[in-house]
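Colleague: pasted the sequence and its predicted model underneath.
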Amino acid sequence: MEGKENSTSATNQNKQRFKRICVFCGSRPGYKSAFSEAALQLGNLLVERKIDLVYGGGSVGLMGLISQTVFNGGCHVLGVIPRALLPHEISGETIGEVKTVADMHQRKSEMAKNADAFIALPVLNCVLGGYGTMEELLEMITWSQLGIHEKPVGLLNVDGYYNSLLTLFDKGVEEGFIEDSARNIMISATTAEELIKKMEEYAPVHDRVAPRQTWEVDQLL
């Protein structure tokens, strides 16, 4: 009985690991319904686990879907958007709390500062052609490698969307450009439930380029 209670306690503790997750996603829904379904699935899972959402602030596409789902489910939604993108990524009413910032650098910093973990959905951003979300994702991986943060970074690989990117990472290891341990920074799964479970179990094993205290973390996070 005692073992069962300890197991239950450990499970509950794991479920509470994340209070806020930052989701990188695009302002278009994509051509496949699987992408929209994945955004809804992730949004519902965040609500079920009472995890708040931090995201790019848009109200259209996958951004609109997940933010509306989390907001309607009673969790807090924080959107961070550069002033210049307001006409492009917000249509109609804003969702939850929206923080307007000066530029993309400040956007990433604010999103990272307010999140316990990061997840990237398939990216089809009408303004940046998907490059913006990819850049956000890769910067969070880089910050982890550098030792700036130890937050889990997850990739929701819907319908094999990110297979080529994961193959590129593996090629980097094979050719000696990425350490084996650093390859493990990127966590991937095909469903939201599996991904969050892996992220809850994540512990960094890679060597940090520099100690966290040597970075001006207050300026970044």
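Modeller: Thanks, I have it.
Colleague: continuing past the helix or strand bottoming out on mean pLDDT in the chain, what's the next helix or strand?
Modeller: The least trusted helix or strand in the chain, going by mean pLDDT, DSSP states H and E, turns out to be helix 2-15, with a mean of 48. Downstream of helix 2-15, the first helix or strand assigned by DSSP states H and E is strand 20-24.
Colleague: residues near Asn44, how many?
Modeller: 16 (other C-beta atoms under 10 Å). Any C-beta I mention is one placed from the backbone N, CA and C, and that applies to glycine too.
Colleague: got the contact list for it?
Modeller: 69, 73 (C-beta atoms under 8 Å, 6 or more residues apart in numbering).
Colleague: could you measure from it over to Lys108?
Modeller: For Asn44, the distance to Lys108 (C-beta to C-beta, to the nearest Å) stands at 26 Å.
Colleague: what is the mean pLDDT for stretch 167-184?
Modeller: On average, the pLDDT along stretch 167-184 is 94.
Colleague: contacts for it next, please.
Modeller: 145, 186, 205-207.
Colleague: most neighbours among those, which one is it?
Modeller: Met186 (21 neighbours).
Colleague: that one pairs with what?
Modeller: Taking DSSP bridges as the rule, Met186 bridges to Val153.
Colleague: which residues does it contact?
Modeller: 141, 153, 155, 166, 169.
Colleague: now do the phi/psi pair for the last one.
Modeller: Spelled out, that is Phe169. Note on Phe169: its backbone torsions stand at phi -60, psi -40 [degrees, to the nearest 10].
Colleague: burial count for it?
Modeller: Residues near Phe169, counting by other C-beta under 10 Å, number 19.
Colleague: ok, back up a step: of the contacts of Met186, just the buried ones, PyMOL syntax please.
Modeller: Buried residues within these, by 16 or more other C-beta atoms under 10 Å, are selected in PyMOL with:
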select buried, resi 141+153+155+169
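Colleague: pick the one among the contacts of Met186 closest to Lys19.
Modeller: Closest approach to Lys19 among those (C-beta to C-beta): Val153, at 16.9 Å.
Colleague: the closest one reaches Ile141, doesn't it?
Modeller: Yes. Counting by C-beta atoms under 8 Å, Ile141 is a contact partner of Val153 at 5.4 Å.
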